[in-house]
Structure formats: C-alpha cells, structure tokens
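A.B. asks: any chance you could fold what I've pasted below:
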Amino acid sequence: MTYKEKYDIWLSFDEKTKAELEAINDEKEIEDRFYKDLAFGTGGLRGIMGAGTNRMNAYTVGKATLGLARYLKSKNDGELSVAIACDSRLNSKDFLWAAARVFASRGIKVFAFSNIVPVPVLSFTTRFHNCTAGVMITASHNPKEYNGYKVYDSKGCQFCTEDAKNAIAFINEIDDYSHIYDNCKTVDEYINEGLIEKVYDKELNAFIAKVEEQAAYQEKNNLKIVYTPLHGTGYLPVLAVLDGMDVTVLDSQKTPDGNFPTVKSPNPEDRAALTLAIEKAKEIGADLVLGTDPDCDRVGIAVRHGDEYVLFTGNQTGALLVNFILTMRKSELNEKSTLVKTIVTSELGANIGRKFGLKVEETLTGFKYIGDKINKYEESGENEFVIGYEESYGYLVGTHARDKDAVVSSMLICQMAAWYKNQGKTLVDGLNEIYDEYGYYLDFLDSFVLKGKDGAEKIQSLMVYFRETGKKLFPNIKEIIDYKDGILDLPKENVLKYIFDDGSWMAVRPSGTEPKIKVYYSIVDENRDNAKSRLEEIREKINSIITK
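C.D. replies: Residues are numbered from 1 along each chain as shown. Below you'll find the predicted structure:
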C-alpha cells in the first residue's frame, strides 16, 4: 500500500487517532508517518509518539506485542511468561498495560511493574522470575517526543540479531492494526485470572542487593555529591546504593516527568542536561555531579577540579572505571577475566585491561551484544566477565543484569571518586595519571540529524559515498574495516571504521534508534594540542561532506 492508502485506513480507527491525523496539513508529515513501519534497531522499537505506522502508539505497540507473542509461542513449549516495565516517559504506562493485555490474551503470564523502574531492573527481573522474555517501554535518552519498546530474552539480554530477525518476521505478518485488541479483556480481569501479576518491591529490593555486592571501596570519606535523575527512574535505586554518602538530589529534576521540563533533552551525554546540577554543585561546593538518563542505564559526570567542573566523556569515565575496578580486584583476576567493549569505544580502557592481564573482546554498537557475550561466557566457561562499557555512557560491572546499568555505575563512580579524594586527588588527576602511563586519547562524537524519508535516503547515500571514496578520504589511512559483510564472529552491520597509521581512527554509522548518522573520532597523540588540531581538521572535512 502507498502511504496515503495507509493513512486513509487509519482514519477509520478511534476518534482520537482520526482527529490527530485530520489535523495534519503538511503532506510530508503524513508521508513520514506512513511510508514505513517502525523496525528494530540497536535499541529495539523506537520512534516519535503519535498516530501512524511509523510512530509509537497503542496500535504499533500492540502489533509488536502480538508478533512477539506468536514468536515466543512458536519456539517455546509449556507455560510462558513475560516481565514488562516502563520508565517515566509520556504514555509509557499506557503502552505497558496495552502490551500486558495482548500477552495475556495469548495465555502468556505477565509480571507487570506497578511503578517505573530502570532498564537494568527489568533485565534482572526477567531472570529473577525465569521469564521467557522481557519488555521495557522506554526511549532511553531521546527527546520527550519519543518512546520505545525494548525486547529481552530469557537471560535478560536485549534481542540480538537472530531473535530480532525472527520476531520481526512474525510482527511483519500482521497487517491489520485495527483488530489487535478485539480479543483482549481488561487489565483487572486478567489480574483476577492470574494472567497479570503486579510486581515492584520484591524485585527492586533484590536488584539493589545484587548491585551492592559489586561495591569496591567503602572506606570513610567526605566526598560531596550532587545527583540528578533528570526526571527519570533513577531517584530511588541510585539513592539506595549511595546510602551513607553525602548526596544532594537536585530538587528541580527529582520528580519523574515525561515532559522533561527543565532540559531540552534528558541525555547525560549532553553538557546542557547537567547545567542545573553543576550550578547546585558550585553553590554547595560538591566534588562530583552525577546525572542518569530517564531509564537509568546511562550516567554522565562532572568533576570539580580547582574552581571548574570538568565534564567527562563516556570513554574517559570508562577508562577510569576499568583502572579502578581492576586495581580494587586485582587478586580476583585470572586468565579467564575479560573486558568487553564496542567497536566505536576508545582503546584506552582496553589497553588498561590488557596491562592487568585481561582478555579484551569487541562487539558491535549496542549493549545487547555485550550482554550476549556474558551469556556465551556462562555457557562455555571459557571467559569470565569483569566489566563492559561503551562510549555512549553505558557501563556494567557484575552479571546481575545483561544491559548497561547506571545504578551500579553510579555507585562505583562515587566510590572511585571517594578513593581518589582520600588520596588528595580528583578524578581529573586520576585521568591525567592514566594519560601519563598510556598516552593521550582524544575522543569525540558528531551526530547529524536527518529526519524523514529524505533524511533516511541521504544517510544511505552518504554511506555509499564513504565506501566508494575509501582511502582517498584522508591521507595516512592504513586500513578500512567494513562491517557490512560481517567481521570475524560479529553480525553484519552498516559501519565503516578508518584506521590511521598512528592508531587513531574514525568510524561512521547510521544510528539504529534515531534519524542520525554518527561519526566517531579517536585521536592518539602524546601532544594534546596536536591531537586537538588533528581532530578539528578531520571534523571540518566530515562536516563539509555531510552538510553540503
């Protein structure tokens, strides 16, 4: 069907949907809502909320759930169960209960969280209740217009390539959105039948207890912390694991609110998201600013150093955490101990791991691939997971979850800062010590937003251009790694990585969750000024190519 034919069909849906669609005067907007169906990317199903096949709404959530239910029943015998949770985003609770009803209508038991919780809690709960699968309603750190639907396997790991491919096949078989809920009863009826069970306290407390087992440094200290949950799910669990430390919560961003009224985007990667917390830190003389995103799987920090607050990149925090954890647990390491990072994450943390004797493994972008490595390690016994992280502010220590966890990361970052402060140092001092030993790494990310059908087409044409240009793109390119056909045991992925003669690199990839093309840079140079000038030179050329 054409996008216009789909549009006409959706006009016959409920009155709210009809009114929303009839109010659209821009033909391009109608086209964008219906020219395709939402598809799984690195973070599952994700899109702008609203009416349409290319939007997050009760119908697209219902379609994804119905297809997933059919897939789960096709590959599993006996009684099936699913854990479902959501974050603080607009419509998240409505989507949760919509999904719960569809699962229950197919005879699948649902453990549904009655209150908002972080992503890692859902990952943990899937295994805690021996569920067949899990679903998290969240769009992570995206702007307020977005929501999403992450699917987890029985081990608490997001669906990887094969599961996602198979589930999508079942989802794509559904072409009638209008009758998805025809056979669904109310939530209360399913609760009375035992097909939906509300959960929260027991699961959250069990999760927190597992996180606290990862504590690495608990000596007395006078570290002062300002924490912001950025209107999300982190408030209760993060405060629980920081119990006993001097923590000031930013009142203006404490309350869960899907409108995210105090920030343009609730993304701790964005300097602006931590502005109010830094102001509070200056006011009270705090040592550390900590900010978690709405679903509390990412954490960003700012560190007081002298009179300034220095924001850390994900690569910098990751390298520090690797050094801290391995130092604290040196006696526990063995020949199986393994660090896992993504292909667009700096080599600095990996080199620290290697010096401690760790194995280092790489995965594609998306923490689900790190979670999948943990599952495989448990099956084979050949490796033992110690730490995994990615440049986009996601870290995991421990195997209580199979996704990035800002709760355990927040606890360990604060303990690490306390460890350094008890030595008379800041995290900036600690990072500089690492640079002195391992060399200077300057990492940067550029994201170019290209919305709609035209934007999607331009992203694809840019990837064609980068492939065809090859080594002519820059002098001193030693190697180009193209992941589109699969490298070693990695799944196929639309990513290009350019390796320069001195070990510096640049990578280009379309985002799997947003209408963006992303360019990652990692410059290695003993001289910081040289590194900065080289970075700017490369960025300038890439900018001219993408924005022309």
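A.B. asks: I'd say Lys224 and Asp246 touch.
C.D. replies: Yes: the criterion here is Cβ atoms under 8 Å, and Lys224 meets it with Asp246 at 5.0 Å. All C-beta atoms are positioned from the backbone trio N, CA, C, and that covers glycine.
A.B. asks: how much space separates Gly52 from Ala99?
C.D. replies: For Gly52, the distance to Ala99 (Cβ to Cβ, to the nearest Å) stands at 19 Å.
A.B. asks: more crowded one of those two?
C.D. replies: Taking neighbours as other Cβ atoms under 10 Å, Gly52 and Ala99 compare with Gly52 leading, 30 against 26.
A.B. asks: give me the phi and psi angles of the more buried one.
C.D. replies: phi 130, psi 160 (degrees, to the nearest 10).
A.B. asks: can you pull the contacts of it?
C.D. replies: Gly52 is in contact with 6-7, 10, 21, 32-34, counting by Cβ atoms under 8 Å, 6 or more residues apart in numbering.
A.B. asks: 10 Å - rerun?
C.D. replies: Taking Cβ atoms under 10 Å, 6 or more residues apart in numbering as the criterion, Gly52 is in contact with 3, 6-7, 10, 17, 20-21, 24, 29-38, 59-60.
A.B. asks: just the ones in helices from these, please.
C.D. replies: Counting by DSSP state H, the contacts of Gly52 place 3, 6-7, 10, 17, 20-21, 29-34, 59-60 in helices.
A.B. asks: closest to Ser544 among the residues you listed?
C.D. replies: Asp32 (27.2 Å; Cβ to Cβ).
A.B. asks: for that closest one, which non-adjacent residue is closest in space?
C.D. replies: Gly452 (4.6 Å; Cβ to Cβ, 6 or more residues apart in numbering).
A.B. asks: do the same with Asp163
C.D. replies: Residue nearest to Asp163 in three dimensions, not counting chain neighbours: Asp153, with 6.1 Å by Cβ to Cβ, 6+ apart.
A.B. asks: rewinding a little: kindly indicate which of the ones in helices among the contacts of Gly52 lies nearest Leu358.
C.D. replies: Thr60 (42.2 Å).
A.B. asks: confidence score at Gly43?
C.D. replies: Note on Gly43: pLDDT of 61.
A.B. asks: cool, Phe40 as well?
C.D. replies: 65.
A.B. asks: next: Asp454.
C.D. replies: Reported pLDDT at Asp454 in the predicted model: 89.
A.B. asks: which phi and psi does it have?
C.D. replies: The phi/psi pair for Asp454 (degrees, to the nearest 10) reads phi -60, psi -40.
A.B. asks: and Ser265, by the same measure?
C.D. replies: Dihedral angles for Ser265 - degrees, to the nearest 10 - are phi -150, psi 130.
A.B. asks: contacts only, for it.
C.D. replies: 141-144, 146, 230, 272-273, 293.
A.B. asks: pLDDT score for it?
C.D. replies: With respect to pLDDT, Ser265 has a value of 91.
A.B. asks: any idea how far it lies from Met1?
C.D. replies: 34 Å.
A.B. asks: same question for Val495.
C.D. replies: As judged by Cβ to Cβ, Val495 and Met1 stand 32 Å apart.
A.B. asks: of the two, which one has the most company?
C.D. replies: Taking neighbours as other Cβ under 10 Å, Val495 and Met1 compare with Val495 leading, 22 against 11.
A.B. asks: per-residue pLDDT, the more buried one?
C.D. replies: Val495 carries a pLDDT score of 96 in this model.
A.B. asks: surely it touches Met506?
C.D. replies: No: using Cβ atoms under 10 Å, Val495 makes no contact with Met506, being 11.4 Å away.
A.B. asks: what's the overlap in contacts for those two?
C.D. replies: 344, 520.
A.B. asks: can you give me the end-to-end distance of stretch 72-80?
C.D. replies: Stretch 72-80 stretches 8 Å from its first residue to its last (Cα to Cα, to the nearest Å).
A.B. asks: actually stretch 188-197, not the one I typed
C.D. replies: Stretch 188-197: ends 10 Å apart by Cα to Cα.
A.B. asks: the stretch 301-450 of the chain: strands as residue ranges?
C.D. replies: Secondary structure of the stretch 301-450 of the chain (DSSP state E, counting those that start in this stretch): strands located at 308-311, 337-342, 359-363, 384-390, 394-397, 441-449.
A.B. asks: element containing the nearest residue to Thr186 once chain neighbours are set aside?
C.D. replies: What sits nearest to Thr186 in space, not counting adjacent residues and going by Cβ to Cβ, 6+ apart, is Arg101, at 7.6 Å. Counting by DSSP states H and E, the element that carries Arg101 is helix 92-105.
A.B. asks: what packs against that helix?
C.D. replies: Here helix 92-105 touches helix 58-75, strand 81-86, strand 109-113, strand 133-137, strand 146-152, helix 187-193, strand 196-199, going by 3 or more Cβ pairs under 10 Å, 6 or more residues apart in numbering; DSSP states H and E.
A.B. asks: distance between it and the chain's centre?
C.D. replies: Offset of helix 92-105 from its chain centre (Cα atoms, centre = their mean, to the nearest Å): 22 Å.
A.B. asks: repeat for stretch 46-66
C.D. replies: For stretch 46-66, the distance to the chain centre is 20 Å (Cα atoms, centre = their mean).
A.B. asks: try stretch 526-544
C.D. replies: 28 Å.
A.B. asks: that older thread, the residue nearest to Asp32 - how many residues pack around it?
C.D. replies: Around Gly452 there are 16 residues (other Cβ under 10 Å).
A.B. asks: circling back to that earlier point, from the ones in helices among the contacts of Gly52, list just the buried residues.
C.D. replies: Listed as buried from the ones in helices among the contacts of Gly52 are 3, 6-7, 10, 17, 20-21, 30-34, 59-60; burial here means 16 or more other Cβ atoms under 10 Å.
A.B. asks: need the max-distance pair from those.
C.D. replies: Most distant of those, by Cβ to Cβ, are Glu31 and Tyr59, 18.4 Å apart.
A.B. asks: max-length helix in the protein?
C.D. replies: helix 528-547.
A.B. asks: for that helix, name the packing helices and strands.
C.D. replies: Partner elements for helix 528-547 (3+ Cβ pairs under 10 Å, 6+ apart): strand 441-449, helix 452-469, strand 496-500, strand 505-510, strand 516-524.
A.B. asks: if we go to 7 Å?
C.D. replies: strand 441-449, strand 516-524 (3 or more Cβ pairs under 7 Å, 6 or more residues apart in numbering; DSSP states H and E).
A.B. asks: if we can go back for a sec, name the stretch among the helices and strands packed on helix 92-105 that sits most buried.
C.D. replies: Compared across those, strand 133-137 shows the largest average neighbour count, a mean of 30 (mean count of other Cβ atoms under 10 Å).
A.B. asks: now that strand: average pLDDT?
C.D. replies: Average pLDDT, strand 133-137: 98.
A.B. asks: same question for stretch 180-190.
C.D. replies: pLDDT averaged over stretch 180-190 gives 96.
A.B. asks: can you give me the end-to-end distance of that stretch?
C.D. replies: 17 Å.
A.B. asks: now do the helices in the stretch 201-350 of the chain.
C.D. replies: 201-212, 235-241, 275-284, 314-328, 347-355 (DSSP state H, counting those that start in this stretch).
A.B. asks: Ser447 touches Pro515, doesn't it?
C.D. replies: No: contact criterion Cβ atoms under 7 Å: Ser447 and Pro515 do not qualify, at 10.2 Å.
A.B. asks: look at these two and report which has more neighbours.
C.D. replies: Remark: of Ser447 and Pro515, Pro515 carries more neighbours, 18 against 12, as counted by other Cβ under 10 Å.
A.B. asks: now do that one, the pLDDT please.
C.D. replies: Reading off the model, Pro515 has pLDDT 85.
A.B. asks: so what's it closest to, chain neighbours aside?
C.D. replies: Lys451 (4.7 Å).
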